[in-house]
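In: What follows is a predicted structure for the sequence shown.
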Amino acid sequence: IGAMCASLCEFLGARTIVITELSPKGIAAAEAWVRAKNLGHKTHLIPVKGMSVAQQAEAIRAICPEGIDTVLEISGAESAINAAAKAVKRGGEFSLLGIPGADAVTFQDYTHDLIFKGVTLHAIAGRRMFSTWYAMLSYLKGGLDVSHIPNAVYPGLEHFHEGMERFEAHDALKVVFKLG
């Protein structure tokens, strides 16, 4: 989902794209996308493994000193949520899509990171699924390129088990089965 969000931000004309990533495979995929699309001038990748929330936020603020206009938090990781809350600018928007591993997430500095900054929070759920499908179809017809996102493509469902094994092993982050 993060790769799709980055692609959509680029397609919609974002001046700066900041990607934070924990996994080596995710980092490699993001680096390949940046190279293939020649986006090094406006896309910044921050490998966050071993970084504290403060270090993550500091790295983001080094790229965007005024803060991030729109945060798309995809991981659900409490550290990523808190780093994003610290990095979002005053009056910014913060969309939360990632599902946390636990039922609760604690904001480290709710008052300063969200309330005093006047941040608008959006919790993304499936209730608007059909409208997002229509929007995505429009983007795809308009030229949004998502060909880099699947890293395992199979000619049919006869390879279903292999594809799912690769997905579960995190060998393939996005798996596509072509039907018909």
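Out: Done, it's in.
In: thought C5 was touching E73?
Out: No. Contact between C5 and E73 fails when scored by Cβ atoms under 8 Å: they sit 9.7 Å apart. For the C-beta atoms, the positions are set from N, CA and C on the backbone; glycine is no exception.
In: quick one: average confidence on stretch 53-63?
Out: Average pLDDT, stretch 53-63: 96.
In: Distance from the chain centre to the longest strand along the chain, please.
Out: What stands out as the longest strand in the chain, according to DSSP state E, is strand 88-96. Distance of strand 88-96 from the chain centroid (Cα atoms, centre = their mean, to the nearest Å) equals 14 Å.
In: which other residues reach it?
Out: Under the criterion Cβ atoms under 8 Å, 6 or more residues apart in numbering, residues 64, 66-73, 81, 84-85, 113-114, 117-124 lie in contact with strand 88-96.
In: What's the ChimeraX syntax to select whichever of those residues are buried?
Out: Command for ChimeraX that selects the buried part of these, burial taken from 16 or more other Cβ atoms under 10 Å:
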select :64,67,68,71,72,73,81,84,85,113,114,117,119
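In: from the contacts of strand 88-96, which ones fall inside strands?
Out: 68-73, 120-123.
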